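1. Below are the sequence and a predicted model for it; my questions follow.
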Amino acid sequence: MTEEQAKVKQQTRRILNSFGRKRGNLIPILQKVQGELGYFPREAMLEIAQFLDMPEIDVYSVVTFYNQFRLIPPGKHSVRVCLGTACHMKGGYITLDAWKRRLDIDRGQTTSDREFDLDTVACVGCCVMAPVTVVDNKPQGKVEPTKVDGILLSFKLEKERQGEESR
Amino acid sequence: MKATGLQSVASTFREIKSRAESQWRELRDGGKPVIMVGVATCGRAAGALEVLQAIKRELKKQRLDCPVVEVGCMGHCYAEPIVTIIKPGYPPICYRHVNPVIAERLIRQFILGDDPCLEFVLGALEENDLVPSLSDFPRARFEKKVILKNCGHIDPKQIEHYIANGGYSALAKALQVPPEEIIDEVKRSGLRGRGGAGFSTGDKWEICRRASGKPKYVVCNGDEGDPGAFMDRAILESDPHSVLEGMLIAGYAIGARYGYIYVRAEYPLAVRRAQLALRQARKLNLLSKNILGSDFSFDIKLFQGSGAFVCGEETALIASLEGEPGIPYYRPPYPATNGLYGKPTLINNVKTLSFIRYIIQNGAEWFASVGTERSKGTAVFALAGKVVNTGLTEVPMGTTLRQVIFDVGSGIPGGKRFKAVQIGGPSGGCLPESALDLPIDFGSLTQAGAMMGSGGMIVLDEDDCMVEIARYFLDFTQRESCGKCTFCRLGTKQMLEVLDEFTRGKGKMEDLDMLSQLAEDIKAGSLCGLGKTAPNPVLSTLRFFKDEYEAHIKEGRCPALMCRELIAYYIIPEKCERSCDACVGTCAVEAISANEKRIKVIDQEKCVKCGTCLKACPPQYNAVVKLSPPSQVPASK
């Protein structure tokens, strides 16, 4: 077992301690684990299966059934393009294309430098601000291709500023 | 023994209520100006948190001590961020589109000075001689706010605000009568489930009460997955206690011991608000053991969904609560008799539960006096899409679609023509202009080919392609199908493929028949509501907008100029201005360049059809146009 795997195991175990060994707790457990680890490494799922005394495949089946759970590590910043009806009709699909083009990844992926991960969301209920993109859990309204570039630029400037400060 | 118990409920609650009322009075009549900022998700997306910070900063700078209250959503989402200032000597005034700069001005000029900054006013909350009030708005004639009444006017984080505005009085009242009377009251009110199907709420309660098995559960279905619907979110964020109170009364009526609020994970703020509300209610003994000193005990847990649309279906929701993938199972037996862990489980929508307290407080007759013959009370709609006043509204059942869209919503922006309204999300349909005078109720909408659904209303104008919207919904249901039933799993995929071809101009006329056939098969061969209603968006658009389908198939043309494979952007040389480079700079893929005459030309090979150039072109030139089919673009010399 690598050091990272051991760490994941340990972290998962610590989270599990606050839950009862009940199947009904599976989804809250998964949410908490993803909240801390950011995704589901294999070891985490194995650990959960053992804890709830259920087949490993059943944990995997729940993880892959729900859209919220992810199997690959997230980026530092999360980008969620809303594709609800209002957003779609006001050009959400065009915004998604712009993100894909700029980040050079598809939905459900993370950039190779692990700075950004891109995904879509069915509807965040901010239909009046369509098209919406949720960046780092903050819904941003009227995100069109030019605003995509603006948001990315602000992250770039922020990073440069931090780089200078740390120097 | 029993009598003292009842007396103690009344007196315990009286004490809680008088404390809450004095807090509320202190806030409203304390002599200090009160500033209310709408910080529900819609406000936040528009920048309400920055406004809130600016207000607090400025108050500190000016050494002012005024209470700043974070409220929910008033329903006027088009005007967010909204700030309301209640200054003694003035009517309570709402300001629209407030940004940090305006916020600072409001503090300096209105709170410190005496200039109410009329240029930023949305309206006043009360009739007065200074500014028009919100009740003078044309929409006010059609609206009747019941469950949205508190939204945006109280702080959802303070249970005292809710109690001072009549909250939990219905619970205290209910606890003093036998459960059967409560069920009878709800039955007589004629309330029908607001989740979409419209089953009689009172009947459901009665079935659940009579069912044997213990413990019984009450589940609040807040898995509002319909894209384009945000009523439940707004209520949970702005007035969470009304949902709790509804659950408590339901729990008492059916004899339940536990409750769950099932909220979508995509609504993090609603989750936080509901969690806090639960903690506060517990603290005041409005939840958990021996509520208000009675022998009724009830506890509620919050459960977060994990992003699966199908979990809005009650049997899938139960599977999800049990830690399984959200796959529906066959009914009957219905959850009311065999639900969570096989026990009787009452599942009601957020809005349905919010109505309960008003029915108990004001009586069944009051509720039944509003609405139509078979659909009583009010309906909450979320208006979005191509409509001027996007936001939330509540109207009596029987109001027409035209009144909601044109009177409440103020019609279509930009002088465009109305084309259709999409109601009921992926289960609903698109209704054309001819259906606009339909009075809204459960029956009429279904008959017209749409569905009440949960109440999301997306207005579409002439720029929206009906084939594309049908494709969009099929894409959604196909992705969200749980995979249990073959017809739903594979049939929706097949329909999507056909529609995909249409939007690329590659369809054939005989495909239209196949679509109708597939639609019938999917309806017949699916177990749950998702599959049974998945073909509706296609069927309704085929019924009312067949000409658009034909244009796509026969001419390779998209009449609404939306389907990207069937359009091209083109710069009219005669209109293009030599000295202007607006489009060149904004093009994301560097597809635009100037020719030797300084006229801009789009390289069709490079163009990704994002439409940025069309928006960038200054209106005095208006040189960029969309053409369909793309072959209309003149060959470049």
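-> In hand now; what should we look at?

2. Tell me the helix or strand right after the host helix or strand of residue B:514.
-> Using DSSP states H and E, residue B:514 falls within helix B:509-525. Going down the chain from helix B:509-525, the next helix or strand is helix B:529-533, by DSSP H and E.

3. helices and strands around that next one, which ones?
-> helix B:466-480, helix B:509-525 (3 or more CB pairs under 8 Å, 6 or more residues apart in numbering or on different chains; DSSP states H and E). Using the backbone N, CA and C atoms, a C-beta is placed for each residue, glycine as well.

4. most packed of those helices?
-> With neighbours taken as mean count of other CB atoms under 10 Å in any protein chain shown, these reach their highest mean count in helix B:466-480, at a mean of 24.

5. one step back: and the helix holding residue B:514, what does it pack against?
-> helix B:492-503, helix B:529-533, helix B:536-544, helix B:546-550.

6. OK, contacts around residue B:99?
-> Contacts for residue B:99 (CB atoms under 8 Å, 6 or more residues apart in numbering or on different chains) come out as B:47, B:50-51, B:81.

7. Am I right that residue A:93 is in contact with residue A:83?
-> Yes: with contact defined as CB atoms under 8 Å, residue A:93 counts as touching residue A:83 (7.0 Å).

8. Compare those two (neighbour count), which wins?
-> Ranked by neighbour count (other CB atoms under 10 Å in any protein chain shown), residue A:93 and residue A:83 place residue A:83 first, with 23 against 19.

9. just checking, the more buried one touches residue A:92?
-> Yes: at 5.1 Å, residue A:83 and residue A:92 qualify as touching, with contact defined as CB under 8 Å.

10. Where does the residue most central in space within chain A fall, secondary structure wise?
-> Central residue of chain A (CA atoms, centre = their mean): residue A:74, 5.3 Å from the mean position. Using DSSP H and E, residue A:74 sits in no helix or strand.

11. Next secondary structure after the longest strand seen in chain B?
-> Of all the segments of type strand in chain B, defined by DSSP state E, the longest one is strand B:378-385. Per DSSP H and E, the first helix or strand lying C-terminal to strand B:378-385 is strand B:391-396.

12. Distance from the chain centre to that next one, please.
-> Mean-position distance between strand B:391-396 and its chain equals 10 Å (CA atoms, centre = their mean, to the nearest Å).

13. Quick check: which helices or strands does it pack against?
-> Strand B:391-396 packs on strand B:378-385, going by 3+ CB pairs under 8 Å, 6+ apart.

14. May I have the strand it packs on exported as PDB, CA atoms only?
-> Extracted C-alpha coordinates of strand B:378-385, given in PDB (Å, rounded to 0.1, in the frame of the first residue of the first chain):
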ATOM      1  CA  THR B 378     -53.300  29.200  -5.100                       C
ATOM      2  CA  ALA B 379     -50.500  28.000  -7.400                       C
ATOM      3  CA  VAL B 380     -46.900  29.100  -7.100                       C
ATOM      4  CA  PHE B 381     -45.000  29.600 -10.400                       C
ATOM      5  CA  ALA B 382     -41.400  30.300 -11.200                       C
ATOM      6  CA  LEU B 383     -41.300  32.500 -14.200                       C
ATOM      7  CA  ALA B 384     -38.100  32.300 -16.200                       C
ATOM      8  CA  GLY B 385     -36.800  32.500 -19.800                       C
END
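
15. Let me know the angle separating it from strand B:391-396.
-> 150 degrees (axes from the mean of the first three to the mean of the last three CA atoms, to 10 degrees).

16. near chain A at all, strand B:378-385?
-> Yes: against chain A, strand B:378-385 shows contacts by CB under 8 Å from any CB of the partner chain at B:382, B:384-385.

17. what do you get for stretch B:413-425?
-> Yes: interface with chain A: stretch B:413-425 contributes B:422, B:425 (CB under 8 Å from any CB).

18. Please flag which of the contacts of residue B:99 sit within helices.
-> Among the contacts of residue B:99, the members found in helices (DSSP state H) are B:50-51.

19. low-confidence ranges in chain A?
-> Scanning chain A for pLDDT under 70 picks out nothing.

20. Can you show me the helices along it?
-> A:3-16, A:26-37, A:42-52, A:56-65, A:85-89, A:92-103, A:145-166.

21. Return the residues in contact with residue B:375.
-> B:190, B:192, B:198, B:397-398, B:441-443.

22. Take the residues you listed and lay them out in CSV including neighbour count and secondary structure.
-> Putting the contacts of residue B:375 into CSV (neighbours: other CB atoms under 10 Å in any protein chain shown; DSSP: H, G, I helix; E, B strand; the rest coil) gives the following:
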residue, neighbour count, secondary structure
B:190, 22, coil
B:192, 24, strand
B:198, 18, coil
B:397, 23, coil
B:398, 18, coil
B:441, 23, coil
B:442, 21, helix
B:443, 14, helix
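
23. Could you tell me what pLDDT the model assigned to residue B:444?
-> pLDDT, residue B:444: 88.

24. What of the one 10 residues further on?
-> Looking at residue B:454, its pLDDT is 78.

25. Also residue B:5?
-> So residue B:5 comes in at 62 (pLDDT).

26. Any part of the strand or helix carrying residue B:235 near chain A?
-> For residue B:235, the element it lies in under DSSP H and E is helix B:231-238. Yes: Helix B:231-238 is in contact with chain A by CB under 8 Å from any CB, via B:233-234.

27. Using PDB, write out every CA atom in that helix.
-> C-alpha atoms of helix B:231-238 as PDB (Å, rounded to 0.1, in the frame of the first residue of the first chain):
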ATOM      1  CA  MET B 231     -40.200  27.600  -6.000                       C
ATOM      2  CA  ASP B 232     -39.300  25.000  -3.400                       C
ATOM      3  CA  ARG B 233     -35.800  26.400  -3.100                       C
ATOM      4  CA  ALA B 234     -37.200  29.900  -2.500                       C
ATOM      5  CA  ILE B 235     -39.600  28.700   0.200                       C
ATOM      6  CA  LEU B 236     -36.900  26.600   2.000                       C
ATOM      7  CA  GLU B 237     -34.500  29.500   1.800                       C
ATOM      8  CA  SER B 238     -36.900  32.200   2.700                       C
END
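
28. Which other helices and strands does it contact?
-> helix B:41-45, helix B:240-254, helix B:268-283, helix B:350-362, strand B:378-385.

29. hang on, the earlier thing: so can I have JSON lines of the helices and strands packed on helix B:509-525 showing mean neighbour count and mean pLDDT?
-> Listed next are the helices and strands packed on helix B:509-525 as JSON lines, based on neighbours: other CB atoms under 10 Å in any protein chain shown; pLDDT from 0 to 100:
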{"stretch": "helix B:492-503", "mean neighbour count": "20", "mean pLDDT": "96"}
{"stretch": "helix B:529-533", "mean neighbour count": "23", "mean pLDDT": "92"}
{"stretch": "helix B:536-544", "mean neighbour count": "24", "mean pLDDT": "94"}
{"stretch": "helix B:546-550", "mean neighbour count": "16", "mean pLDDT": "96"}
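
30. buried set for stretch B:263-271?
-> B:263-267, B:269-271 (16 or more other CB atoms under 10 Å in any protein chain shown).

31. where does chain B have low pLDDT?
-> B:1-6, B:636-637.

32. Find the residue closest to residue 24 in space, skipping its chain neighbours.
-> If you meant another chain, say so; for now it's chain A. residue B:323 (5.0 Å; CB to CB, 6 or more residues apart in numbering or on different chains).

33. That was the other one, I meant chain B.
-> Nearest one to residue B:24, counting by CB to CB, 6+ apart, is residue B:164 at 3.5 Å.
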